[in-house]
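> Curious how this folds, go ahead:
(4 chains)
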2 protein chains.
Amino acid sequence: MATVSVREVAARAGVSVGTVSNVLNRPAKVSPATVERVQAAISDLGFVRNDAARQLRAGRSRSIGLVVLDVANPFFTDVARGAEDRAAEEGLTLLLGNSDENIDRESAYLDLFEEQRVHGVLISPLGEVGDRLVRLRARGTPTVLVDRQTADHSFSSVAVDDVAGGHLAAKHLVSIGRTRIAFVGGPQGIRQVADRLEGARQAVREHPNVSLEVISTESLSVLQGRFVGEQLRARNPADRPDAVFAANDLLAIGVLQALSMLGDVRVPEDVALIGYDDIAFAAAAIVPLSSIRQPSALIGHTAVDLLLREAAGGDDFVHEQIEFQPELIVRDSTGG
Amino acid sequence: MATVSVREVAARAGVSVGTVSNVLNRPAKVSPATVERVQAAISDLGFVRNDAARQLRAGRSRSIGLVVLDVANPFFTDVARGAEDRAAEEGLTLLLGNSDENIDRESAYLDLFEEQRVHGVLISPLGEVGDRLVRLRARGTPTVLVDRQTADHSFSSVAVDDVAGGHLAAKHLVSIGRTRIAFVGGPQGIRQVADRLEGARQAVREHPNVSLEVISTESLSVLQGRFVGEQLRARNPADRPDAVFAANDLLAIGVLQALSMLGDVRVPEDVALIGYDDIAFAAAAIVPLSSIRQPSALIGHTAVDLLLREAAGGDDFVHEQIEFQPELIVRDSTGG
DNA sequence: CACGTTCTCTGAAACGATTCATCCCTCACT
DNA sequence: AGTGAGGGATGAATCGTTTCAGAGAACGTG
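Numbers count the residues shown, from 1 in each chain, chains lettered A, B, ... in the order given. Sure thing, here's the model as predicted:
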């Protein structure tokens, strides 16, 4: 019951603590007979390495931190999976933090990760990349932005071109003949939202007869989507947009629930609908949902990769920006 | 750039390291003037506490570990959220591990958590509760089973009565006049699957004219469900079941995609379909999905609660089994 | 004025694994 | 026999924080 340390193991096996440590970390340097004796002592005593002591000595932990905007969004769990797989290849553990689009929670996770002396941090940051991240990196924690990049290339990042994605979505809606488009998303402080909207604006600008209405939401959840859907449904049909571009699939599914399940507004006949992320559930929605696909697992995978390079590269590492292109997936919700 | 420790902070503020520690942990014990001086030194130097050293001294970390079967399953992310919220109230962090229904990964996470000296472990274990968990607890890490309980009451647990849930689902299918029911799920080693099937068996046994076919899957994913759906679709309609009870909603959604999106088998007319967990996407499925609801966030919340009690209680704590009752949610996929 | 209290602050001793300079043996070779 | 090389093992020092017994100073009280 009392805690077992290397010291007890050493005593039991009749060797020094240094040898026990060698058995644990460099068994090749120890004679087979000794290895066996030490291992017997370890299992007899039920010895379990103390990671805190290990880390203290090593200076850095063997894990990397990932802060996402919303764990309930399958897009981010996919990213996390990709990252976890890549991290596992390197013997690293992934610590997952959920900021829930809340700046205080984001900050709390960063503090935590920094105190833990993680190998590095992957983050899908809220709002602008602030002091907080600059300081974090300056103090020695490599940092890579996920699903987001900075204009000034001061951080490494793995992202998808959200402006292009927004453009793709809006252009598609226009191409099927819609002229009164509504963009649903928010808060605007989230860069992904702002970029997707910007892309949509660009696409609309190319067609003088097409209008774009912006409906802001408090967050990117199914619930918020349903709320917006209710409002649209309550409108006079003439005032209703004939197409909705939702900033992500969760919102789109919420809108869809409100419009379609309650029956009177038809998708896509009355209102075409497109989401963003192409989560697994989009294809199975009540009306299969058109969406903009991002290579989510690949993003996570690549981000860890880049983080490792950044960590190895030292101070003079040239920050790298990797950008993937989004892909339009057409399903029934936009005609098909 | 060089790592800043309490020692440097102390020197800069002209106090001893003990005082710095007091400022950090018990500021009330230190005179306001000193507190201010130390805090100035901390921010000047950019000092960040080393958590490893803290933990080493403390003996235990301030986090608890949660091992789930599948992070891609919204049910488990909901459980995680509930757990995280409750943990945060106590100033504890939640470490989320994903066993992916793989015994080696489960084991790796348990090792990791034990080396980290976590406050306790919540786990939705694969297969039988083995030696591994017994040893873990014996060595001093409180453990609570999630979504699962042991027959012999040797562990504390928070669960939902899966037999009752299975019974509820099958009885419902019978009540809408279905007589050839297929249970889709697997592997059977997962207790939740076995219990839900057992409940279904019991319900079917009460009706001599109703048959139950078991279709095993390798995992509980959308993909596996789609695979089963394809098979059902390929069958001669006469050989097809007239109702499917899927062991969870992911499977059900997969089955639904295969049957319904490809058009020729109608849900619920030809085949009624019910899932399990009532995840948020069930209501928005192409045919809104009937399901068995579990109070997911509450499960997580309660599990942390129980873990804390178990940790405080010491060796003589009487393990407690908490069981919630599932609830039938009827939607279009079973007639409605 | 002496004495007990209260308030601040001190600094050395843990916590447990890892590292590294060092020592002890063997063994091979001249 | 003497020398050098090299495999094996040693154990003190180290990482950074917290704790705790106790030292001083300041204050009030009889």
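
> Spell out for me which residue occupies the centre of chain A.
Nearest to the geometric centre of chain A sits A:Phe76, at 4.0 Å (C-alpha atoms, centre = their mean).

> ok, that residue touching A:Val67?
No - applying C-beta atoms under 8 Å as the test, A:Phe76 and A:Val67 come out as separate, 10.0 Å apart. Any C-beta I mention is one placed from the backbone N, CA and C, and that applies to glycine too.

> Distance check, the residue nearest to the centre of chain A against A:Glu101.
Note on A:Phe76: its distance to A:Glu101, by C-beta to C-beta, to the nearest Å, is 11 Å.

> Common neighbours of these two, please.
Residues touching both A:Phe76 and A:Glu101 (C-beta atoms under 8 Å, 6 or more residues apart in numbering or on different chains) are A:Leu69, A:Asp70.

> show me where the stretch 151-300 of chain A has helices.
With DSSP state H, counting those that start in this stretch as the criterion, the stretch 151-300 of chain A has helices at A:162-175, A:191-205, A:222-234, A:249-256, A:296-313.

> Could I get the average pLDDT for the helix or strand that comes right after the longest one?
Counting by DSSP states H and E, the next helix or strand C-terminal to helix A:296-313 is strand A:321-324. Taken as a whole, strand A:321-324 has an average pLDDT of 96.

> Can you pull out the residues in contact with strand A:321-324?
Contacts to strand A:321-324, defined as C-beta under 8 Å, 6+ apart, come from residues A:149, A:153, A:156-161, A:294-295, A:298-299, A:302, A:306.

> if we go to 6 Å?
A:Gln149, A:His153, A:Ser157, A:Val158, A:Ala159, A:Val160, A:Asp161, A:Pro295, A:Thr302 (C-beta atoms under 6 Å, 6 or more residues apart in numbering or on different chains).

> pLDDT below threshold where in the stretch 151-300 of chain A?
Within the stretch 151-300 of chain A, the stretches falling below the threshold (pLDDT under 70) are A:262-263.

> Kindly recompute the last result at 90.
Applying pLDDT under 90 to the stretch 151-300 of chain A picks out residues A:151-153, A:257, A:260-264, A:280, A:283-287.

> In it, which residue sits nearest DNA strand C?
Going by C-beta to the nearest atom of the strand, DNA strand C is nearest to A:Ser156 of the stretch 151-300 of chain A, at 27.6 Å.

> Please name whichever of the helices of the stretch 151-300 of chain A is nearest to DNA strand D.
helix A:296-313 (18.1 Å).

> Can you tell me which residue of chain A sits closest to DNA strand D?
Taking C-beta to the nearest atom of the strand as the measure, chain A has A:Gly18 as its residue closest to DNA strand D, at 2.3 Å.

> Does the helix or strand containing that residue reach chain B?
Using DSSP H and E, A:Gly18 sits within helix A:17-25. No - Helix A:17-25 does not reach chain B (C-beta under 6 Å from any C-beta of the partner chain); its nearest approach is 11.4 Å.

> Buried ones in that helix, by neighbour count?
A:Thr19, A:Val20, A:Ser21, A:Asn22, A:Val23, A:Leu24 (16 or more other C-beta atoms under 10 Å in any protein chain shown).

> can you tell me which residues contact the fifth one?
Right, the one you point to is A:Val23. A:Val30, A:Val35, A:Val38.

> So the first one is in contact with A:Ser21, correct?
No - with contact taken as C-beta atoms under 6 Å, A:Val30 and A:Ser21 are classed as non-touching, separated by 9.9 Å.

> gap between whichever residue of the stretch 151-300 of chain A sits closest to chain B and B:Thr34?
Residue of the stretch 151-300 of chain A nearest chain B, by C-beta to the nearest C-beta: A:Phe281 (4.2 Å). According to C-beta to C-beta, A:Phe281 stands 56 Å off from B:Thr34.

> more neighbours, the two?
A:Phe281 (23 against 17; other C-beta atoms under 10 Å in any protein chain shown).

> Find the nearest non-adjacent residue to the more buried one, please.
B:Phe281 (4.2 Å; C-beta to C-beta, 6 or more residues apart in numbering or on different chains).

> State the pLDDT value of the closest residue to A:Glu115 other than its chain neighbours.
In space, and not counting its chain neighbours, A:Glu115 is closest to B:Asp51: 4.1 Å by C-beta to C-beta, 6+ apart. In this prediction, B:Asp51 carries a pLDDT score of 96.

> From the structure, what's the count of residues near B:Asp51?
Number of residues near B:Asp51 (other C-beta under 10 Å) recorded here: 23.

> With A:Lys171 instead?
17.

> Could you do A:Val35 as well?
Based on other C-beta under 10 Å, the number of other residues close to A:Val35 is 17.

> returning to that earlier point: part of a strand, is the residue nearest to the centre of chain A?
No - under the criterion used here (DSSP: H, G, I helix; E, B strand; the rest coil), A:Phe76 is helix, not part of a strand.

> so the closest residue to it other than its chain neighbours bridges to which residues?
In space, and not counting its chain neighbours, A:Phe76 is closest to A:Val68: 4.1 Å by C-beta to C-beta, 6+ apart. Here A:Val68 sits in beta bridges with A:Asn98, as judged by DSSP bridges.

> Can you report how many residues lie near A:Val68?
Counted by other C-beta under 10 Å, the residues lying close to A:Val68 total 27.

> For it, give its distance to chain B.
11 Å (C-beta to the nearest C-beta, to the nearest Å).

> Over to A:Ile64?
The gap separating A:Ile64 from chain B is 13 Å, by C-beta to the nearest C-beta.

> picking up where we left off before, identify those among the contacts of A:Val23 that sit within helices.
A:Val35, A:Val38 (DSSP state H).

> which of the contacts of A:Val23 are close to DNA strand D?
Restricting the contacts of A:Val23 to those touching DNA strand D (C-beta under 7 Å from any atom of the strand) yields A:Val30.
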